[in-house]
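Novice: Build me a model:
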Amino acid sequence: MPRQPLSNTFVLAESWDEEKQWTLEDDVRIRNELLSRVVHGLTSRCRHGVILATSELDRRGARQDGPLWRALHPLVSGE
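Specialist: Purely as a prediction, here's the structure:
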């Protein structure tokens, strides 16, 4: 049994080809596009630059590994 939500706004949109199957690649691509739009929207509101800081752990003490952290970590750590 697939572990997928019963509804998906992209698949349910009229623009989605009903013959096409939703794949993990589609999900990753869409999530990255949305993340890019959010980051672009936030940074475009900054007048004097952005200060980046990071932590290996989140507020609960768990290791961070989300897409935004992975994208920014090399910039902050100097890698």
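
Novice: got the residue ranges for the helices in the protein?
Specialist: Taking DSSP state H as the criterion, the chain contains helices spanning 9-12, 24-43, 67-77.

Novice: of all the ones you listed, which lies closest to Ser55?
Specialist: Among the helices of the chain, helix 67-77 comes nearest to Ser55, with 9.0 Å by Cβ to Cβ. For every residue, glycine as well, the C-beta is placed using N, CA and C.

Novice: Averaged pLDDT, the closest one. What do you get?
Specialist: Per-residue pLDDT over helix 67-77 has a mean of 76.

Novice: elements contacting that helix?
Specialist: helix 24-43 (3 or more Cβ pairs under 8 Å, 6 or more residues apart in numbering; DSSP states H and E).

Novice: surely Leu72 meets Thr54?
Specialist: Yes: counting by Cβ atoms under 8 Å, Thr54 is a contact partner of Leu72 at 6.3 Å.
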